[in-house]
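> Need a 3D model of the following:
(chains A and B)
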Amino acid sequence: KAGVTQTPRYLIKTRGQQVTLSCSPISGHRSVSWYQQTPGQGLQFLFEYFSETQRNKGNFPGRFSGRQFSNSRSEMNVSTLELGDSALYLCASSLGASMYQETQYFGPGTRLLVL
Amino acid sequence: KNEVEQSPQNLTAQEGEFITINCSYSVGISALHWLQQHPGGGIVSLFMLSSGKKKHGRLIATINIQEKHSSLHITASHPRDSAVYICAALPRGAAGNKLTFGGGTRVLVKP
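Numbers count the residues shown, from 1 in each chain, chains lettered A, B, ... in the order given. Below you'll find the model as predicted:
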């Protein structure tokens, strides 16, 4: 089975722009979670989607949004980019069958630099 | 104070040594994950625990729910074990994958 794929892998944007990142989960996985990793804050949970519905949301401003399509692919969007949004954005997929304890499979990440 | 704390932050070992990484958390949890992140960013899920002990190859993870503490042990360490190891807790009552992460332990194993 192919692993989790994320596109693009690298991105450079300027302040005020918006960006859309894409994640394709492992075939058959219905849950997709997004995480932000920065040197200062480490890994932080952004949101989780299951069957096209947002199941969980982390403590991020409304500029961060996401969605999931019927084929389980997910996108996240960040509007009005700020310098502090520079980070590695990781998505992870899991079967989604259990609400609580499942192994997640991570994609390689999208490295976003905001200038 | 972070809800999930790891120690040490950095660790250097000689090949073959036994390595222990600690993770303490302040909230009740329903599961704890150990992750491995190699240079370049890729993350691999190593273990998911809710009680007791799990072993996979040279890696052993234990958890003590009463003491709110988990450890990851690497036996007979090898330079390919050099990575950042991250623990992540799923707070009790939280659903899905709303994980809270520790700050990571950077491990360097020298040949």
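
> what distance separates the helix-or-strand element of chain A with minimal mean pLDDT from the centre of its chain?
Least confident helix or strand of chain A, by mean pLDDT, DSSP states H and E, is strand A:53-57 with a mean of 88. From the chain centre to the centre of strand A:53-57 is a distance of 12 Å (Cα atoms, centre = their mean, to the nearest Å).

> Stretch B:102-111 now?
11 Å.

> Show me what it is in contact with.
A:42-43, B:2, B:4-15, B:17, B:19, B:21, B:23, B:37, B:74, B:77-88 (Cβ atoms under 8 Å, 6 or more residues apart in numbering or on different chains). Glycine gets a C-beta too; all of them are placed from N, C-alpha and C.

> Quick check: mean pLDDT of stretch B:82-101?
Here stretch B:82-101 scores 84 as its mean pLDDT.

> coming back round to it: any of the contacts of stretch B:102-111 buried? List them.
A:42-43, B:4, B:6, B:11, B:13, B:19, B:21, B:23, B:37, B:74, B:77, B:81-88 (16 or more other Cβ atoms under 10 Å in any protein chain shown).

> what are the bridge partners for A:S93, then?
A:V32, A:Y105 (DSSP bridges).

> One more: A:E75?
Counting by DSSP bridges, the residues bridging with A:E75 are A:S22, A:R67.

> swap in B:A89?
B:L32, B:T100.

> List the residues that contact it.
Per Cβ under 8 Å, 6+ apart, neighbours of B:A89: B:3-4, B:25, B:27, B:29, B:31-33, B:99-100.

> Let me know the secondary structure of A:G84.
helix (DSSP: H, G, I helix; E, B strand; the rest coil).

> distance of it from A:F47?
18 Å (Cβ to Cβ, to the nearest Å).

> A:V32 now?
Taking Cβ to Cβ, one finds A:V32 at 9 Å from A:F47.

> from the contacts of stretch B:102-111, which ones fall inside strands?
A:42-43, B:4-7, B:10-14, B:19, B:21, B:23, B:37, B:74, B:83-88 (DSSP state E).

> how about low-confidence regions in the chain?
Defaulting to chain A. By pLDDT under 70, the low-scoring segments of chain A are A:1, A:97-101.

> The chain in question should be chain B.
Checking chain B against pLDDT under 70 turns up B:1, B:94-97.

> at 80 instead, please
Scanning chain B with the threshold set as pLDDT under 80 gives B:1-2, B:40-41, B:93-98.

> which parts of it sit against chain A?
Chain B has residues B:30-31, B:33, B:35, B:40-45, B:48, B:50, B:86, B:88, B:90, B:94-104 near chain A, with proximity defined as Cβ under 8 Å from any Cβ of the partner chain.

> Narrow those residues to those that are buried.
B:31, B:33, B:35, B:41, B:43, B:45, B:48, B:86, B:88, B:90, B:94, B:96-104.

> Not including adjacent chain positions, what is the nearest residue to B:R58?
Among residues not flanking B:R58 along the chain, B:T75 sits closest, at 4.7 Å (Cβ to Cβ, 6 or more residues apart in numbering or on different chains).

> okay, now the one you found: neighbour count?
13 (other Cβ atoms under 10 Å in any protein chain shown).
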